[in-house]
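Q: Test case, fold it:
(one chain, ligands or ions: 3)
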Amino acid sequence: MIAQPSRLELLGSDYPSTDVWAFNNMIPGPMLRAVQGDTIRVRFRNRLPMLSTLHWHGIRLPNNMDGVPGITQAPVKPGEDFQYEFVLPDAGTFWYHPHVATYEQIGRGLFGTIVVEEREPPDVDNDVMWSISDVMLTKEASIAPNFKSLHDASHAGRLGNVVLVNGQRGPAILDVRAGSRVRLRLLNSASARIFRLKFHGHQPLVVAHDGHPCTPYPLTESILFSPGNRIDVILDCTAAPNATFEVEDEFFPAMRNKIGVIKYSSRSPQALRKPFPGLPPNALFEPVLAGAESAKMVLEGGALSNKATREAIWLMNGKGNDHGSHMDSHGKNPDPLFVWEQGCTVRCLIDNKTAWFHPMHFHGVVLRERLPNGQWGPFKDSTLLWPFKTQEIAFVAESPGDWMIHCHVSEHQHSGLMGTFRIASLCKTPAQPKA
Ligand code: C2O
Ligand code: CU
Ligand code: CU
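A: Ligands and ions are numbered 1, 2, ... in the order given. Okay, here's the model as predicted:
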């Protein structure tokens, strides 16, 4: 897979094409497809004018394949290659992106998807990926170059002015036949933008979060969808032939974005299938709360806070991790914020003392969120912190190494909201994967 400068039409043929950075000259990069349990081997060839790596977001893999520069590997220099190779233990929807200056490398177009098929895939008529992102374009349709804006970094990140679905200006057209069943895989590959997705006229069934199957539930309201997140839905096309419905983003109600159009053909309806039973679960480590380690993570800084400085706009547990002035490295302060023993369950309370949203992403573990009703939610690889709110999570420290925790608003990540935790292989009673 070659990461290199490229020129692509993002806005359709009526507009000039755009200088981008892309994998194999495509945005998104090539969709990698494999079957659960397969080994994947990718030769990453960096032909960008800067350092890079590939991170395999949400995939449980050995630490040395995680693609974090300065932590799990040396960054790959321009003109050099790096071979990634690992087993895919989980079925689901995953993605890859660089982990160097992600605000710029993702922002210029470097991301792609990975579909790991179930050994017995569900019966659907169509399996569709929507990778939803945004881009900041000038009047000439070129990418606005001010990636290091301190204003963006201290506010909600760099929000683009054009929403893209699969690298093309939205809305995407989803052609369906009445009565058919579609599996729609949604990825938020924006560098900063949170979407709130609303499916008009339908109640798709959410069957997986961040790749991992959950107890299916119908989407009766809109759903928040943060950078890095995946949501798999089963869409039963119950409307009549020739109907059309919009899929909208209503995160900013005054500035709705059309993401997609569900467009029914004129063909006569096919017979509806039986209710969807859910996807087969992945064999994940279930948190064991008795005797769990407790941890606390405090997020501070950003605009409207007196904690922010020019050096570190954001702080995790009082540390800005020395990224503020660079916005490109993974820091000169690699000391882990936490050290946990392999196999132990961690309960972590995250306290967002800032006025901003933070989708906090954990590498190397799969977490559950404590829901307002006291129950533990579905498995995920990140948790969205609301302004001035707390969120408790629990996970099993499963695989040894130093792993990242960071906000997936890339401009926040690279201006302080990034740190590591260490999983030390010391535990004498490792937890067992769920049957
Ligand atoms: Cu999408 Cu550090 O990850
Ligand atoms: Cu990740
Ligand atoms: Cu953030």
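
Q: Now D152: which helix or strand?
A: In this structure, D152 sits in helix 150-154 according to DSSP states H and E.

Q: Which secondary structure elements does that helix sit against?
A: Contacting helix 150-154 under the criterion 3 or more C-beta pairs under 8 Å, 6 or more residues apart in numbering; DSSP states H and E are the following elements: helix 410-413. (Each C-beta comes from the backbone N, C-alpha and C, glycine too.)

Q: List the strands paired with the helix or strand just after the helix it packs on, with their directions.
A: Scanning the chain past helix 410-413 towards its C-terminal end, the next helix or strand to appear is strand 418-424 (assignment: DSSP H and E). Sheet neighbours of strand 418-424, with direction, are listed as strand 338-341 (parallel), strand 401-407 (antiparallel) (DSSP bridges).

Q: quick one, which of the ones you listed is nearest to ligand 1?
A: With C-beta to the nearest ligand atom as the criterion, ligand 1 lies closest to strand 401-407 of the strands paired with strand 418-424, at 5.1 Å.

Q: does the closest one come close to ligand 3?
A: Yes - contact between strand 401-407 and ligand 3, assessed by C-beta under 5 Å from the ion, occurs at C407.

Q: So is that strand next to ligand 1?
A: Yes - when contact is scored as C-beta under 6 Å from any ligand atom, part of strand 401-407 falls within range of ligand 1: 404, 406.

Q: Does the residue nearest to L48 when sequence neighbours are not counted lie in a helix or a strand, and which?
A: By the measure of C-beta to C-beta, 6 or more residues apart in numbering, the closest residue to L48 outside its immediate chain neighbours is A3, 5.3 Å from it. Using DSSP H and E, the secondary-structure element containing A3 is strand 2-8.

Q: quick one on the thing from earlier: highest mean neighbour count out of the strands paired with strand 418-424?
A: Most buried of those, by mean neighbour count (mean count of other C-beta atoms under 10 Å): strand 401-407, with a mean of 24.

Q: Residues of the stretch 251-400 of the chain that sit close to ligand 3?
A: Proximity of the stretch 251-400 of the chain to ligand 3 is assessed by C-beta under 5 Å from the ion, with H358 identified as the residues in range.

Q: Okay, strands next: where are they in the stretch 251-400 of the chain?
A: Counting by DSSP state E, counting those that start in this stretch, the stretch 251-400 of the chain forms strands over residues 257-264, 293-301, 314-316, 338-341, 345-352, 358-362, 367-370, 376-380, 382-385, 390-396, given from the N-terminal end onward.

Q: which parts of the stretch 1-150 of the chain sit against ligand 2?
A: Taking C-beta under 5 Å from the ion as the criterion, the contact residues of the stretch 1-150 of the chain with ligand 2 come out as H57.

Q: For ligand 2, what's its nearest residue on the stretch 1-150 of the chain.
A: Distances from the stretch 1-150 of the chain to ligand 2, computed as C-beta to the ion, single out H57 as the nearest residue at 3.8 Å.

Q: In contact with that residue, which residues?
A: Listed by C-beta atoms under 8 Å, 6 or more residues apart in numbering, the contact set of H57 reads 94-97, 228, 361, 381.

Q: Tell me the bridge partners for it.
A: Note on H57: beta-bridge partners W95, judged by DSSP bridges.

Q: Point out where this structure drops to low pLDDT.
A: Residues of the chain that meet the criterion pLDDT under 70 lie in 310-311, 322-334, 426-435.
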